[in-house]
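*Asks:* Kindly return the folded structure for what I paste below:
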Amino acid sequence: MPSQRTHSDSQNDSGSTRPRQPQARPRIEFPDFDNPLTWISDLPGNLTVWEELAVGKYLLDPTDLAGYAYDQILNERDQVIILYLERDVEELAWQRHGGPAGFAQAIQIKLDEHKARYGGSDRGFRCPHSYRRRQRFDLRFFPFDRYVGMSRTLKRAEAELPAWLWRAANAALDETYGPPDLGPKGWDRRRTPLMAYLIQRHTSLYPERPPVDAFIPDNLSQVLKEAPMVPDKAQWGQDVVGLTFIGSLADGHYEWNEIYLERLFTELNKAIEPSLVDWETARWSVYDVYSRTLGRGLQPHPANLRKHRYDKARHWLYPYQYEADSIEMHQGPRGRCPAGHRFNSLLPPVPPPSLPSPPSPPSPSPSPPPSLPSPPPSPTAAADSPP
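*Replies:* Numbers count the residues shown, from 1 in each chain. Reported below is the predicted structural model:
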């Protein structure tokens with residue numbers, strides 16, 4: 001007769017039962033899906049599963065389990081039940097389906113079939129533990145993207161941010177920190193502060209972007225193609241045709257010089273004078289070229305994850321006039337050439353703040369009916385009332 005495994009409480013040397021002391025969970029690096037040596041399971045080592053459940057939940061064939069039997073027990077009908085370590089079964093599923101990511105895709109197919117059969121509900125679906133919500137391989141984060149990882153913040157940013165801003169933010173983060181480095185939790189923690197900031201602020205920071213194939217005047221397009229570009233760090237601070245260096249070598253930066261700005265604003269004025277619609281399209285082209293050639297777009301702070309540098313290209317998207325004596329005109333591109341001043345005058349003035357509507361006069365209330373004289377107090381009431 002096969003033996004039935006029993007488990008007893010842990011005891012000390014004197015025989016008294018004591019609760020086990022909590023132990024710190026070991027630090028486990030998130031796996032590289034291309035390297036089987038990093039496929040580490042979070043399942044407890046002594047967790048067992050019977051054959052039928054192992055085959056159904058882990059999408060295996062009974063022959064895959066040959067040689068992996070761990071224990072045998074008898075059920076209530078004295079039938080022999082073969083048990084397997086669930087961690088071994090999970091590793092078999094990874095081998096059969098192409099790793100943790102491939103197994104996630106196989107689970108998702110079965111889950112979709114289950115929902116189609118039961119009216120969109122996942123109730124009753126046997127999802128492997130490691131792929132449930134908030135577990136290491138949470139099924140919601142597959143197909144796996146290293147720029148999202150297992151982060152809910154990054155997943156939300158990918159879904160809510162405009163596509164161009166998602167790409168621009170990731171390019172800026174790559175420039176600052178390098179490609180995503182998945183930590184023990186499965187995402188690069190350096191990328192979440194900027195993305196969380198953009199989730200909250202992107203609608204107030206950036207106007208709606210026109211379609212990619214929006215019309216741009218040919219002359220303006222040609223001027224933007226000829227935009228001067230900053231040199232590499234080895235030549236940083238040296239003279240470059242079309243650029244002006246501002247500040248010191250340690251923290252200075254390049255800007256387009258007055259000659260190039262005069263050419264650019266001349267073409268922008270031609271686009272803005274017939275219709276503001278043309279300018280609303282053209283300004284995005286200027287923003288993109290300015291960000292790319294001068295590196296003045298989104299810039300995460302390299303040392304402080306919670307501090308975000310201002311988007312130095314965003315002023316090209318500002319749709320209103322600047323005051324003549326404002327710092328934006330004195331230090332910005334509009335005030336550095338005659339065509340820039342003309343450009344500023346062609347834009348609409350800043351709309352006045354909306355005033356609250358005056359309160360409506362109170363409606364006249366009907367006159368109260370004349371009061372009747374009150375009856376004289378009774379002697380008892382008068383005696384009980386306070387003086």
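
*Asks:* any chance you could map the helices in the chain?
*Replies:* Counting by DSSP state H, the chain has helices at residues 51-57, 86-97, 99-117, 152-160, 163-177, 192-205, 218-225, 258-272, 276-294, 327-331, 338-346, 379-384.

*Asks:* Which one of those helices lies nearest to I246?
*Replies:* helix 327-331 (9.2 Å; C-beta to C-beta). All C-beta spots, glycine's among them, are computed from the backbone N, C-alpha and C.

*Asks:* Need the helices of the chain in JSON lines (columns: distance to Q135, mean neighbour count and mean pLDDT).
*Replies:* Formatted as JSON lines, those follow (distance: least, C-beta to C-beta, whole Å; neighbours: other C-beta atoms under 10 Å; pLDDT from 0 to 100):
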{"stretch": "helix 51-57", "distance to Q135": "14", "mean neighbour count": "17", "mean pLDDT": "91"}
{"stretch": "helix 86-97", "distance to Q135": "12", "mean neighbour count": "20", "mean pLDDT": "91"}
{"stretch": "helix 99-117", "distance to Q135": "11", "mean neighbour count": "16", "mean pLDDT": "88"}
{"stretch": "helix 152-160", "distance to Q135": "13", "mean neighbour count": "17", "mean pLDDT": "91"}
{"stretch": "helix 163-177", "distance to Q135": "26", "mean neighbour count": "17", "mean pLDDT": "89"}
{"stretch": "helix 192-205", "distance to Q135": "19", "mean neighbour count": "16", "mean pLDDT": "90"}
{"stretch": "helix 218-225", "distance to Q135": "49", "mean neighbour count": "14", "mean pLDDT": "90"}
{"stretch": "helix 258-272", "distance to Q135": "53", "mean neighbour count": "20", "mean pLDDT": "92"}
{"stretch": "helix 276-294", "distance to Q135": "39", "mean neighbour count": "19", "mean pLDDT": "84"}
{"stretch": "helix 327-331", "distance to Q135": "51", "mean neighbour count": "13", "mean pLDDT": "88"}
{"stretch": "helix 338-346", "distance to Q135": "56", "mean neighbour count": "17", "mean pLDDT": "93"}
{"stretch": "helix 379-384", "distance to Q135": "74", "mean neighbour count": "8", "mean pLDDT": "37"}
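
*Asks:* Using CSV, lay out these together with distance to F142.
*Replies:* Shown next, in CSV, are the helices of the chain (distance: least, C-beta to C-beta, whole Å):
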stretch, distance to F142
helix 51-57, 17
helix 86-97, 12
helix 99-117, 4
helix 152-160, 11
helix 163-177, 19
helix 192-205, 19
helix 218-225, 40
helix 258-272, 45
helix 276-294, 32
helix 327-331, 47
helix 338-346, 49
helix 379-384, 81
